[in-house]
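J.: I would like to see how this sequence folds:
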Amino acid sequence: ATKLLDELQMLLSDTPPDELAEATADQYLHTIWNLQDLLSNINDKATDILLQKAIDLVDIETGNMQEVVNDENVTLCLWANFNKNPRFKGYDFVNNHVEFELPRPLAMCDIAVRILHTQYDHISCHIPLFQAQQKALRNDTILIIEEEQPDNKEPEVEQTDNKEPKVEQTDNKEP
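T.: Modelled structure (predicted):
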């Protein structure tokens with residue numbers, strides 16, 4: 001799924017807007033969002049399964065559950081509080097170079113901490129504003145028309161609403 005995500009994102013970013021139909025670009029964007037949502041659901045389900053088995057995974061030394069699941073795209077570190085020790089300060093997932101501190105009031109609560117590190121963006125797809133911005137960026141075309149410029153003069157660059165430079169060149173040639 002992540003390879004397909006990468007391919008679709010590369011295709012959208014590398015293909016000029018005039019060479020990719022708007023309906024096709026929209027379909028690619030929605031497919032990207034659906035794949036990101038699917039990956040997010042998979043991460044949530046993996047967390048849920050680990051928490052359901054948490055009692056079997058309790059560490060005898062700490063009295064708490066700490067578990068790490070790795071693959072090439074995701075590292076899921078999960079800690080669950082079974083011991084409820086008021087002196088507990090935090091946990092260090094040493095092999096993964098990740099640690100957290102737990103506020104004292106939470107040390108006495110039923111709580112779990114999930115630290116999810118992915119090689120892809122697993123958050124932006126859940127933000128409606130991000131989706132609208134991605135669609136707007138895709139629809140914002142750049143108009144480039146030939147213009148005779150002196151050898152040392154660059155074409156004019158105009159700022160657009162979305163803070164991206166917009167290059168405009170006009171054709172001053174008479175037929």
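J.: can you pull out the strands in the protein?
T.: Applying DSSP state E to the chain gives strands spanning 65-70, 74-80, 90-93, 98-101, 112-118, 156-159, 165-168.
J.: who's in contact with the fifth one?
T.: Contacts to strand 112-118, defined as CB atoms under 8 Å, 6 or more residues apart in numbering, come from residues 39, 43, 47, 51, 54, 73-81, 91, 93, 96, 98, 100, 102, 122. The way it works is simple: take the backbone N, C-alpha and C, and place the C-beta from them, glycine included.
J.: is there a quick ChimeraX command that grabs whichever of those are buried?
T.: Per 16 or more other CB atoms under 10 Å, the buried members of the contacts of strand 112-118 correspond to this ChimeraX selection:
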select :39,43,47,51,54,74,75,76,77,78,79,80,81,91,93,102,122
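J.: just to revisit the earlier point, closest to Gln27 out of the strands of the chain?
T.: For Gln27, the closest of the strands of the chain is strand 112-118, at 24.2 Å, according to CB to CB.
J.: just the buried positions in the closest one, please.
T.: 115-116.
J.: quick one, that strand and strand 74-80 angle?
T.: Strand 112-118 runs at 170 degrees relative to strand 74-80, counting by axes from the mean of the first three to the mean of the last three CA atoms, to 10 degrees.
J.: show the average pLDDT along strand 112-118.
T.: The average pLDDT for strand 112-118 rounds to 93.
J.: likewise for stretch 4-23?
T.: 84.
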